[in-house]
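**Q** no letters, just coordinates:
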């Protein structure tokens, strides 16, 4: 069996220097927030400018929250090779309408039926598990990982309040396909810290090494 390598997505980037630092740390995916109520919001044109810095095999991800079709079309025209991430109240039909690969965010809380959610969004490439808080997004809050059932039928991206201090435990307990971080590697909202990104990525690699037989 091949060794497991947890993929790393760093989300909410707004500056060229932060994109370059994330790439230097070895991020597999870079997320751009196209939600105007977020302090990390960028326009499709800005996302395109930042995405042009990505080398082959690093995936740009466009985060959308109940976005109108016009914004979704503009985003895909600006970054045509992007993966979509739906983070609002979108239905399966709305997620499938662009006919592009997508991640579906699940807001984890007591009583949430993740298996039913996975069944409804079975066309998703993966489920991104985030904390259930007021508004959209995890707000830098972790959720109770014991809420995750043992056999989720889609790849899991663990999100919500992750940082270098807790991601090792999260990987050990959840064994996700990938981890997603935003506020846990910031000096302020929308401004990433190169040192925090480096420590986070190093912690993910330590977790993977510890999991090998």
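**A** Nice, thanks for sending it over. Source: prediction; values computed, not measured.
**Q** just checking, residue 20 touches residue 55?
**A** No - distance between residue 20 and residue 55: 10.8 Å, which falls outside the contact criterion (Cβ atoms under 8 Å). Where C-beta positions appear, they are placed from N, C-alpha and C, glycine not excepted.
**Q** neighbour count: the two, which is higher?
**A** In this view residue 20 and residue 55 are compared by other Cβ atoms under 10 Å, and residue 20 has more residues nearby, 14 against 6.
**Q** chain neighbours aside, what residue packs nearest to that one?
**A** By the measure of Cβ to Cβ, 6 or more residues apart in numbering, the closest residue to residue 20 outside its immediate chain neighbours is residue 53, 6.5 Å from it.
**Q** and the one you found, what does it touch?
**A** 16, 19, 20, 23 (Cβ atoms under 8 Å, 6 or more residues apart in numbering).
**Q** secondary structure class for the second one?
**A** Same thing as residue 19. Here residue 19 takes the helix state, with states given by DSSP: H, G, I helix; E, B strand; the rest coil.
**Q** would you confirm that it contacts residue 13?
**A** Yes - if you go by Cβ under 8 Å, residue 19 and residue 13 touch, sitting 5.4 Å apart.
**Q** list residues touching both of these two?
**A** Residues touching both residue 19 and residue 13 comprise 30, 50, with contact defined as Cβ under 8 Å, 6+ apart.
**Q** same drill for the two, tell me which one is more crowded.
**A** Higher neighbour count among residue 19 and residue 13: residue 13, with 30 against 24, using other Cβ under 10 Å.
**Q** and the lengthiest helix in the chain, how far from the chain's centre?
**A** Across the chain, the helix with the greatest residue count (assigned by DSSP state H) is helix 194-211. Relative to the chain's own centre, helix 194-211 is displaced by 16 Å; criterion: Cα atoms, centre = their mean, to the nearest Å.
**Q** repeat that for stretch 174-183.
**A** Taking Cα atoms, centre = their mean, the mean C-alpha location of stretch 174-183 is offset from the chain mean by 7 Å.
**Q** now do the end-to-end distance for that stretch.
**A** Here the two ends of stretch 174-183 are set 20 Å apart, with distance taken as Cα to Cα, to the nearest Å.
**Q** same check, this time on stretch 83-103
**A** Taking Cα to Cα, stretch 83-103 runs 8 Å from one end to the other.
**Q** same check on stretch 180-189?
**A** With Cα to Cα as the measure, stretch 180-189 spans 16 Å from end to end.
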